[in-house]
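Asker: Predicted structure and sequence below. I'll ask about it afterward.
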Amino acid sequence: GKEITQRTREEAHKLLAAFREQILTEGGGAQEDTQRAFEALASKYSDCSSAQRGGDLGSFGRGKMQPTFEQASFALNVGQLSDIV
């Protein structure tokens with residue numbers, strides 16, 4: 001597995017903001033390229049088991065995830081990238 005690093009909330013937010021910017025920059029507005037950029041970063045840096053699937057959490061229904069994450073997820077269109085949750 002991947003090593004889990006302890007970070008402050010502020011450190012984590014800065015890191016995620018940099019990842020998000022990289023995804024959007026590499027994606028250049030094209031959904032397919034944005035997805036590839038997300039998958040590459042998730043595969044390399046995620047400490048979640050979804051890293052093996054490029055960050056894909058699979059299908060999930062309401063009431064299965066943390067409420068804040070779930071709310072952000074169900075507000076998106078397929079292929080859309082949320083703000084940091």
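Answerer: Arrived safely, thanks for sending.

Asker: can you map out the helices along the chain?
Answerer: 9-27, 31-45, 67-74 (DSSP state H).

Asker: I'd like to know which of those is closest to residue 84.
Answerer: helix 9-27 (4.9 Å; CB to CB). All C-beta spots, glycine's among them, are computed from the backbone N, C-alpha and C.

Asker: same for that closest one, what does it pack against?
Answerer: When contacts are defined as 3 or more CB pairs under 8 Å, 6 or more residues apart in numbering; DSSP states H and E, helix 9-27 packs onto helix 31-45.

Asker: what packs against the helix it packs on?
Answerer: Checked by 3+ CB pairs under 8 Å, 6+ apart, helix 31-45 has helix 9-27 packed alongside it.

Asker: Stretch 52-66: end-to-end distance?
Answerer: Stretch 52-66 stretches 21 Å from its first residue to its last (CA to CA, to the nearest Å).

Asker: Need the residues that contact it.
Answerer: 38-43, 46, 48, 50, 70, 73-74 (CB atoms under 8 Å, 6 or more residues apart in numbering).

Asker: List the buried residues for that stretch?
Answerer: Residues of stretch 52-66 classed as buried: 54-55, 65 (neighbour count, 16 or more other CB atoms under 10 Å).

Asker: Make JSON lines from those residues and add pLDDT and distance to residue 32 to it.
Answerer: Formatted as JSON lines, the buried residues of stretch 52-66 follow (pLDDT from 0 to 100; distance: CB to CB, whole Å):
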{"residue": "54", "pLDDT": "95", "distance to residue 32": "13"}
{"residue": "55", "pLDDT": "94", "distance to residue 32": "15"}
{"residue": "65", "pLDDT": "95", "distance to residue 32": "25"}
